[in-house]
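Engineer: Sequence and predicted structure below; questions after.
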Amino acid sequence: MTDSRAASTASASASPSTGSLRTGSFKTPAKSPWPALWALVIGFFMILVDTTIVSVANPAIKAALDPNTNNLDNVVWVTSAYLLTYAVPLLITGRLGDRFGPKNIYLTGLAIFTLASLACGLAPSLEVLIAARAVQGLGAALMTPQTMAVITRTFPPQNRGAAMGLWGATAGVATLVGPLAGGLLVDGLGWEWIFFINIPVGIIGFIAAVILVPQLPRTAHKFDILGVVLSAIGLFLIVFGLQEGEHYAWAAWIWAMVIAGVVVMGVFIWTQGRSTGEPLVPLDLFKDRNFSVANFAIAAVGFTVTSMALPQMFYLQLARGLTPTESALLLVPLAILSGVLAPFAGKLLDRTDPRFLLVPGLLLVGGSLGIYVALILNDAPIWMFLIPSALMGVGNAGMWGPLATTATRNLPPRQAGAGAGIYNTTRTVGSVIGSASIAAFMQARLEANLPGAADAGASFGGGALPPQVVGGFSQAMGQSLVLPIVVIGVGLIVVLFMRRPSMIRPHGAPRDAGAAQKAAQAAPAAAGE
């Protein structure tokens, strides 16, 4: 009995203590955390599907609600409004999960998201659709940090790779289901049904979360109202300026708006560093190099994934005459390979340096985009677009889960919501800037490749392009993809500065688990002496 108690004590004393995670701060739940994670993944899946569905449906939405304008900026706001209201509240919604429980906040967000989907489908105009999408973004902002926070609070650090592997696999499957469902729904029932489909999924997800997700302990937090206001104003000014810059010919007031946004964000960061209470963004978290690097890299990934979809879909549907369903089918290799390989990548991440997965993953994503550019510029046969799709699927498996795991591995449970909120904010801000930047870049390349043919823009949402503008349009779309290639290249350089996690031993076993085992074995011998 004495030996058993000694072993138990020794094992407890060797609990995880990497980074800011202190002994005893993590407690493995009595029940398996996997059912709760599966329930939360339903809502996360719906958010991702909604984003990809809209990218496929953009031409149809423009044809239905905005057919008489000669630029792409208006319809892009269907995505950008969603991403803006998604990004701005994430910092505080993560804290709300800590304060009121991740389950309660998740259910609230899911209800808002589902009802807003109904409003999107019933929207009679582009303006109403954009407004409803903004409400959708708020619901998504409430939901997303809770999934990562539950993983951080219920899975021990050395086992989080497998959980994040499921998170990454969800993204992979969503990239398949979203475009395919979007294509089938747009072709068969109309663009409205890409939003109506969320309603039964939301109801199922709500019931599953009520039954399976536990009520985790709550932690008291003081909310940084000044930080919320400053971050919201700063992000809005930057994103709105970038989004509308091309439309207003980059007038002086647009530049003033962007610069003012940068200044406000600078003031926001300054106030966070000087806060004597509890800041919205605990800057101490950035002392962990891997957390900082992962946040920068996920912003680049968010930018790339969002910005690459628009020129691809416009090229395939307008220049090559594919239907939404046919263009979505070209993403099948991406989705299948990403979904199948992501769980394996997650398990491998628990045993190896994250750079061994991230570097080849980001390289494959950037390389596949380069192949897309070559295929578009050379008017290649459609079947050849399956090749970069497959390469990107492999790259995605080594990108999403490893970044999320690396960012959250050293987070203490008390800061799970804050860390998840920061990570998802940087990812979504990258997506917002990517959406805004690609719209401006596409418009600039269109004007460069089709001088004097601005009137052709009236047909961007109205079916096949006139033959005389197909060549210039294709060149513009291919050149537009250079922008996400450059950004993912920056992300690749950044991940090279990661450190090997201290809990990963050279042979792949968690360092703290090995220490606990040795201590447990040594305790009986010490007691016998």
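Structural biologist: Great, that's in hand. Residues are numbered from 1 along each chain as shown.
Engineer: phi, psi of the closest residue in space to Met384 that isn't next to it in sequence?
Structural biologist: Distances taken as CB to CB, 6 or more residues apart in numbering place Leu375 nearest to Met384, at 5.6 Å, with adjacent residues excluded. The way it works is simple: take the backbone N, C-alpha and C, and place the C-beta from them, glycine included. When quoted as degrees, to the nearest 10, the phi and psi of Leu375 stand at phi -70, psi -40.
Engineer: Also Ser389?
Structural biologist: According to degrees, to the nearest 10, Ser389 has phi -60, psi -40.
Engineer: Tell me who's in contact with it.
Structural biologist: Taking CB atoms under 8 Å, 6 or more residues apart in numbering, we find Ser389 in contact with Leu330, Leu331, Val332, Pro333, Leu334, Ser368.
Engineer: at 10 Å what do you get?
Structural biologist: If you count contacts by CB atoms under 10 Å, 6 or more residues apart in numbering, Ser389 has them with 175, 329-337, 368, 371-372.
Engineer: now the residues you listed as a markdown table including pLDDT, distance to Asn449 and secondary structure?
Structural biologist: Formatted as a markdown table, these follow (pLDDT from 0 to 100; distance: CB to CB, whole Å; DSSP: H, G, I helix; E, B strand; the rest coil):
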| residue | pLDDT | distance to Asn449 | secondary structure |
| --- | --- | --- | --- |
| Thr175 | 62 | 29 | helix |
| Leu329 | 83 | 28 | helix |
| Leu330 | 87 | 23 | coil |
| Leu331 | 81 | 26 | coil |
| Val332 | 82 | 30 | helix |
| Pro333 | 88 | 29 | helix |
| Leu334 | 84 | 27 | helix |
| Ala335 | 78 | 31 | helix |
| Ile336 | 82 | 34 | helix |
| Leu337 | 86 | 33 | helix |
| Ser368 | 95 | 23 | helix |
| Ile371 | 95 | 21 | helix |
| Tyr372 | 94 | 17 | helix |
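Engineer: Distance-wise, check the residue nearest to Pro333 when sequence neighbours are not counted relative to Asn396.
Structural biologist: Leaving aside its sequence neighbours, Pro333 sits nearest to Ala390 (CB to CB, 6+ apart; 3.8 Å). Ala390 sits 11 Å away from Asn396, going by CB to CB, to the nearest Å.
Engineer: Now for Val75: which residues touch it?
Structural biologist: Val75 touches 54, 57-63, 65-66, 69, 126, 129-130, 310, 439, 460-461, counting by CB under 10 Å, 6+ apart.
Engineer: change it to 6 Å
Structural biologist: Val75 is in contact with Asn58, Ile61, Lys62, Asp66, counting by CB atoms under 6 Å, 6 or more residues apart in numbering.
Engineer: Just confirm the third one is within a helix.
Structural biologist: Yes - according to DSSP: H, G, I helix; E, B strand; the rest coil, Lys62 belongs to a helix.
Engineer: Can you give me the pLDDT of it?
Structural biologist: Per-residue pLDDT puts Lys62 at 79.
Engineer: mind showing which ranges of the stretch 101-250 of the chain have poor pLDDT?
Structural biologist: When residues are selected by pLDDT under 70, those of the stretch 101-250 of the chain lie in 157-161, 164-165, 167-169, 171-172, 175-176, 217-223, 243, 246-247.
Engineer: can you map out the strands along it?
Structural biologist: Counting by DSSP state E, counting those that start in this stretch, the stretch 101-250 of the chain forms no strands at all.
Engineer: Format the contacts of Val75 as a markdown table; extra columns: distance to Leu280 and neighbour count.
Structural biologist: Shown next, in a markdown table, are the contacts of Val75 (distance: CB to CB, whole Å; neighbours: other CB atoms under 10 Å):
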| residue | distance to Leu280 | neighbour count |
| --- | --- | --- |
| Asn58 | 33 | 25 |
| Ile61 | 35 | 21 |
| Lys62 | 37 | 22 |
| Asp66 | 36 | 21 |
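Engineer: okay, the contacts of Ser389 in JSON lines with neighbour count and distance to Pro402 next?
Structural biologist: Formatted as JSON lines, the contacts of Ser389 follow (neighbours: other CB atoms under 10 Å; distance: CB to CB, whole Å):
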{"residue": "Thr175", "neighbour count": "28", "distance to Pro402": "17"}
{"residue": "Leu329", "neighbour count": "19", "distance to Pro402": "28"}
{"residue": "Leu330", "neighbour count": "19", "distance to Pro402": "26"}
{"residue": "Leu331", "neighbour count": "26", "distance to Pro402": "22"}
{"residue": "Val332", "neighbour count": "17", "distance to Pro402": "24"}
{"residue": "Pro333", "neighbour count": "20", "distance to Pro402": "21"}
{"residue": "Leu334", "neighbour count": "24", "distance to Pro402": "17"}
{"residue": "Ala335", "neighbour count": "25", "distance to Pro402": "18"}
{"residue": "Ile336", "neighbour count": "17", "distance to Pro402": "19"}
{"residue": "Leu337", "neighbour count": "21", "distance to Pro402": "16"}
{"residue": "Ser368", "neighbour count": "24", "distance to Pro402": "18"}
{"residue": "Ile371", "neighbour count": "17", "distance to Pro402": "23"}
{"residue": "Tyr372", "neighbour count": "27", "distance to Pro402": "23"}
